[in-house]
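Enquirer: Provide a 3D model corresponding to the input given below.
(one chain, ligands or ions: 2)
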Amino acid sequence: MKFQNHRKKIQYIGTVVMFSLVFGLFNHKLGLVFLAIPFIAVLLSNVLGRFWCGWFCPRGSFLNTVISKISRHKKIPKFLKSTTFKVIMATILLGMFTLALLGYNPLIQDESPLVRAGAFMIFVCIVTTLLIAIPLGIIYKPRTWCSFCPVGWLQSAFSKDRILNVEIKDCKECGICAKECPIDIPEDYIGEEDIIDDADCLNCMVCVDACPFDISNPTIK
Ligand code: SF4
Ligand code: SF4
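Expert: Ligands and ions are numbered 1, 2, ... in the order given. Next comes the predicted model:
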């Protein structure tokens, strides 16, 4: 089964949503809709892992459909995937979130803290996409951002007992799946009869579609 045909259709919708975020800069109440996203993603992750990231995230969709066309598709440096870097990113964004919530961001002024929080989601999504996700996506793999995204990291933390995984049986060690994976996960599993249980796995099924021997498959366990 080719999962990517279906995934691509969903991701075109996600890309349109990503572009529509710009309207949120002018109407902060729109941010209330986007405030729900981290909660939905984290709730899903307990069962499906980072399925949200792999299939629905508007920013991830945009990186897949648009930035992948101009990306150099180079391996992601280990440092960008390290816990240290994830902590740095999460701390910076949490600090910015607190300032916005307290009303110190001159671009996000509103009576309601809830609207300020929602507007921050849109504001920070646009800023980080322009300044970090797009440049890194061009230099390395398109979804380099997803290796350290704080919302993604939160999902990884809740993904330990997920039931949806990718299983490899009788691997021929050709390495194609490792090359295609958006965040360089399968290289540690090549040659093993194993379930890809890396908490950062996006469950995007790119590796499943890429395997020329059809020995990599989704599994519910
Ligand atoms: S290991 Fe497979 S399912 Fe997981 S992120 Fe990589 S390509 Fe997607
Ligand atoms: S593409 Fe298939 S055969 Fe090749 S390394 Fe990956 S799981 Fe093994």
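
Enquirer: Output the longest helix belonging to the chain in PDB with nothing but the alpha carbons.
Expert: Counting by DSSP state H, the longest helix found in the chain is helix 3-24. Extracted in PDB, the C-alpha atoms of helix 3-24 (Å, rounded to 0.1, in the frame of the first residue of the first chain):
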ATOM      1  CA  PHE A   3       0.700   5.600   2.100                       C
ATOM      2  CA  GLN A   4       2.300   8.700   0.600                       C
ATOM      3  CA  ASN A   5      -0.500   9.100  -2.100                       C
ATOM      4  CA  HIS A   6      -3.000   9.600   0.800                       C
ATOM      5  CA  ARG A   7      -0.600  11.600   2.900                       C
ATOM      6  CA  LYS A   8       0.200  14.000   0.200                       C
ATOM      7  CA  LYS A   9      -3.500  14.900  -0.300                       C
ATOM      8  CA  ILE A  10      -3.900  15.600   3.400                       C
ATOM      9  CA  GLN A  11      -0.700  17.600   3.400                       C
ATOM     10  CA  TYR A  12      -1.900  19.900   0.600                       C
ATOM     11  CA  ILE A  13      -4.700  20.900   3.000                       C
ATOM     12  CA  GLY A  14      -2.200  21.400   5.800                       C
ATOM     13  CA  THR A  15      -0.100  23.700   3.600                       C
ATOM     14  CA  VAL A  16      -3.200  25.900   2.800                       C
ATOM     15  CA  VAL A  17      -3.800  26.100   6.500                       C
ATOM     16  CA  MET A  18      -0.200  27.100   7.100                       C
ATOM     17  CA  PHE A  19      -0.500  30.000   4.600                       C
ATOM     18  CA  SER A  20      -3.800  31.000   6.200                       C
ATOM     19  CA  LEU A  21      -2.000  31.600   9.500                       C
ATOM     20  CA  VAL A  22      -1.000  35.000   8.100                       C
ATOM     21  CA  PHE A  23      -4.600  36.200   8.600                       C
ATOM     22  CA  GLY A  24      -4.100  35.500  12.300                       C
END
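
Enquirer: what does it rub up against?
Expert: With CB atoms under 8 Å, 6 or more residues apart in numbering as the test, helix 3-24 has contacts from 30-31, 34, 54-62, 64-66, 119, 122-123, 125-126, 129, 204-206, 208-209, 218. Heads up, the C-betas are built off the backbone N, CA and C, glycines and all.

Enquirer: Can you name every helix or strand that the worst-scoring helix or strand of the chain on mean pLDDT contacts?
Expert: Of all helical and strand segments in the chain, the minimum by mean pLDDT, DSSP states H and E falls on helix 31-35, at a mean of 84. When contacts are defined as 3 or more CB pairs under 8 Å, 6 or more residues apart in numbering; DSSP states H and E, helix 31-35 sits against helix 3-24, helix 113-128.

Enquirer: among the ones you listed, which is the most enclosed?
Expert: Comparing the helices and strands packed on helix 31-35 by mean neighbour count (mean count of other CB atoms under 10 Å), helix 113-128 ranks first with a mean of 20.

Enquirer: For this protein, which segments count as strands?
Expert: 164-168, 194-196, 216-220 (DSSP state E).

Enquirer: Next one: the last one, is it in contact with ligand 2?
Expert: This points to strand 216-220. Yes. Against ligand 2, strand 216-220 shows contacts by CB under 6 Å from any ligand atom at Ser216.

Enquirer: Tell me the buried residues in that strand?
Expert: Using 16 or more other CB atoms under 10 Å as the test for burial, strand 216-220 gives Ser216.

Enquirer: Thank you kindly, that will do.
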